[in-house]
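Colleague: below are the sequence and a predicted model for it; my questions follow.
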Amino acid sequence: MGVSHGRSLRKASGGRLKKNRKKRKHEMGRLPTLTTIGDKDVIKPQRVRGGNTKNKIRIAATVNVFDPKAKKYKKVKIITEKENPANRNYARRNIITKGAIIETEIGLAKVTSRPGQHGTVNAVLIEEKK
């Protein structure tokens, strides 16, 4: 069965609501991408509404890190994920989401992009490696 963003078939009290029509394509949803850390970047193009495409990064190996002191971007390798405010199990499973703290070659960085939506991992350096 597909993921749908249509109305629930249950009332707040738990009673059933009558279905007055079938599901529509514009109510369709998708499962989350759950971008993980790996050896090389794996990007999957996805057809979206209107015939456009959206790049979803399935496996991320590199990150574009912005250094606020130098005011420059650097493409560096991701080592591991330290913490994830979205879900503590994501940090254990190395699933990258926006707001996750990741360990890179140059230090700790906070992810500012949405990897499952943007097709890239961007981050801001928060703590340099000594």
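Modeller: Received the coordinates, thanks. Numbering: from 1, shown residues only.
Colleague: which residues sit in contact with residue 94?
Modeller: Applying CB atoms under 8 Å, 6 or more residues apart in numbering, one finds that residue 94 lies in contact with 36, 37, 80, 81. Where you see a C-beta, it was placed from the backbone N, CA and C, and this is true even at glycine.
Colleague: excluding sequence neighbours, find me the nearest residue to it.
Modeller: Nearest residue to residue 94, sequence neighbours excluded (CB to CB, 6 or more residues apart in numbering): residue 37, at 4.4 Å.
Colleague: does that neighbour touch residue 59 like I think?
Modeller: Yes - if you go by CB atoms under 8 Å, residue 37 and residue 59 touch, sitting 7.4 Å apart.
Colleague: look at the two and report which has more neighbours.
Modeller: Shown here are residue 37 and residue 59; by other CB atoms under 10 Å, residue 37 has more neighbours (20 against 16).
Colleague: where do the strands sit along this structure?
Modeller: With strands called from DSSP state E, the chain shows them at 35-37, 42-47, 53-60, 62-67, 72-83, 95-96, 101-104, 107-111, 122-128.
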